[in-house]
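> Build me a model:
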Amino acid sequence: MAKKNKSYNPDWVPENASEAFATKVIRGVDMDDVVKKQKSGKKRLNLSIADYIEGVLENDRTILARTITLIESNSPDHNETAQKVLKQILPGTGNSLRIGITGFPGAGKSSLIETLGIYLINQGHKIAVLAIDPSSTVTKGSILGDKTRMEKLSREQNCFIRPSPSSGTLGGVATKTRETMLVCEAAGYDTILIETVGVGQSETTVRSMVDFFLLVMIAGAGDELQGIKKGVIELADTLLINKADGDNKPKALLAKSDFGMALHYIQPATKGWQTEAHICSALTGEGVKEFWEVVRKFQETTKANGVFYDRRKNQAIEWMNKMIEERLHSEFFNNDKIKKEFNLINSKILNGEILPTEGAERLLSLYKSFK
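Predicted coordinates:
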């Protein structure tokens, strides 16, 4: 087939055949052209370490997303590549303001983040939202899909939203949230918003990776729901009572007053900063600007007294300790000899032959013998 011709009639077509005969043959796909397009296009099956680094630093959203997927992978090969990428982009990290946002389901965290995000983008900021969703116990994937509830924000050019499953991790965050945060910082996002699962008193992990920790509340939820938040209140830098609009606004103002009095009896989560309660409406946007002024004041205060930088240093140590724990846990339970003995000891415990304490000692002694 001649490449220059777009189409031609085969020999068996009658000489006087009309268009209705429909027997034209057109040129097929030229594989040389396909290969050229693949080489020139940014979407490729395999990316080199240099491709990942370049894509992140240039804020290529496709490669940015693929880099986070690489980091979240449990594959040893992927983990090795991810660590090399992180090492190279490290100089471009640490320049953002990291904000953790928690609150029980129904408090309006996603709506607040969308309203806040759009406000910040209009102020010239670049926003990355890391939305941690509860995981399905069957598929281990996200259940809620917070990105679908931030429709307006997801369309903004200066916003990147990444939903990640918690995968059973306590603390309301995903296992690789810290690494994901660094990637977003290297891509040029100056404000990182981490929306936690909102699981109650186990929201301690996110406190250890952010600069500012926000607890979103609603008025009139009842003492039962508010009571379980005490542990989180002690960690929060600000309480924000959402849905302060319409008939609910008087209740929100009353709740603000009540929480304001209670906070005087709780030691502040950040040295040199007094935690206060404020109101806002994610629906109307009222109070969002005032809340952001509180955040900016917090940043100025903590940088001036050195707490901001000390916290970052301590968080780096905590991160290292957490990685050691995860590595030891993985090595222990993935060891073939441990696996074999583990099943044996499980059977003995189930049959009442030994106590769990003895079983644990046997497994730990076996693990020590390998070292």
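> pLDDT (mean, whole number) over stretch 279-298?
Stretch 279-298 shows a mean pLDDT of 97 in the predicted model.
> Report the residue ranges of every domain in this structure.
Following automatic domain parsing, the chain resolves into domains at 30-87, 93-305, 316-369.
> most neighbours per residue, which of those?
domain 93-305 (a mean of 18; mean count of other CB atoms under 10 Å). For every residue, glycine as well, the C-beta is placed using N, CA and C.
> Show the end-to-end separation of it, please.
22 Å (CA to CA, to the nearest Å).
> ok, now stretch 254-270?
25 Å.
> quick one: contacts of it?
207, 213, 217, 219-220, 233-237, 239, 241, 274-279, 298, 302, 307, 311 (CB atoms under 8 Å, 6 or more residues apart in numbering).
> So which of those belong to strands?
F213, M217, L239, I241, E276, A277, H278, I279 (DSSP state E).
> Report the separation between the second one and T196.
Which is M217. Noted for M217: a distance of 14 Å to T196, by CB to CB, to the nearest Å.
> Pull the distance from the host helix or strand of S164 to the chain's centre.
Taking DSSP states H and E as the definition, one finds S164 inside strand 159-165. How far strand 159-165 lies from its chain's middle: 6 Å, per CA atoms, centre = their mean, to the nearest Å.
> For that strand, enumerate its sheet partners and note whether each is parallel or antiparallel.
Partners of strand 159-165 in the sheet, by DSSP bridges, are strand 127-133 (parallel).
> helices and strands around the following helix or strand past the partner strand, which ones?
Downstream of strand 127-133, the first helix or strand assigned by DSSP H and E is helix 151-154. Under the contact criterion of 3 or more CB pairs under 8 Å, 6 or more residues apart in numbering; DSSP states H and E, helix 151-154 touches helix 109-122, strand 159-165.
> ok, for S73, nearest residue in space, not its chain neighbours?
The shortest distance from S73 to any non-neighbouring residue, by CB to CB, 6 or more residues apart in numbering, is to N79 (6.9 Å).
> Do I have it right that that neighbour meets L86?
No. Contact between N79 and L86 fails when scored by CB atoms under 8 Å: they sit 10.4 Å apart.
> Just give me the residue closest to the centre of the chain.
L130 (3.2 Å; CA atoms, centre = their mean).
> Which strand or helix spans the residue nearest to that one when sequence neighbours are not counted?
Using CB to CB, 6+ apart and skipping the chain neighbours, the partner closest in space to L130 is I194 (4.8 Å). Secondary structure from DSSP H and E places I194 in strand 191-195.
> and that strand, what other elements does it pack with?
Strand 191-195 packs on strand 97-102, helix 109-122, strand 127-133, helix 177-186, going by 3+ CB pairs under 8 Å, 6+ apart.
> Out of these, which gets nearest to D245?
helix 109-122 (11.5 Å; CB to CB).
> got the angle between that closest one and strand 238-242?
Helix 109-122 and strand 238-242 are oriented at 110 degrees to each other (axes from the mean of the first three to the mean of the last three CA atoms, to 10 degrees).
> Residues contacting helix 109-122, please?
101-103, 127, 129, 131, 146, 149-153, 156, 158-159, 191, 193, 195, 198, 216, 240, 242, 280, 282-283, 285, 288-289, 291-292.
> Give me the distance between it and the centre of its chain.
Put simply, helix 109-122 sits 16 Å off its chain's centre (CA atoms, centre = their mean).
> Could you measure from G272 over to E293?
Relative to E293, and taking CB to CB, G272 is found at 18 Å.
> so where's the stretch 1-150 of the chain uncertain?
1-45, 133-149 (pLDDT under 70).
> Try it again at 90.
Applying pLDDT under 90 to the stretch 1-150 of the chain flags residues 1-46, 72-77, 79, 102-107, 131-150.
> Show the end-to-end separation of stretch 346-359, please.
8 Å.
> so which of the ones in strands among the contacts of stretch 254-270 comes closest to E185?
F213 (18.2 Å).
> my guess is the closest one meets R98, correct?
No. Between F213 and R98 there is no contact, the gap being 9.6 Å when judged by CB under 8 Å.
> And the biggest helix by length in the chain, what does it pack against?
Counting by DSSP state H, the longest helix found in the chain is helix 307-333. Here helix 307-333 touches helix 288-304, helix 336-350, going by 3+ CB pairs under 8 Å, 6+ apart.
> Check which helices and strands the longest one sits against.
Right, helix 288-304. Packed against helix 288-304, as judged by 3+ CB pairs under 8 Å, 6+ apart, are the following elements: strand 97-102, helix 109-122, strand 212-218, strand 238-242, strand 276-279, helix 307-333.
> and of the ones you listed, who's closest to F370?
Among the helices and strands packed on helix 288-304, helix 307-333 sits nearest to F370 (CB to CB), with 9.4 Å.
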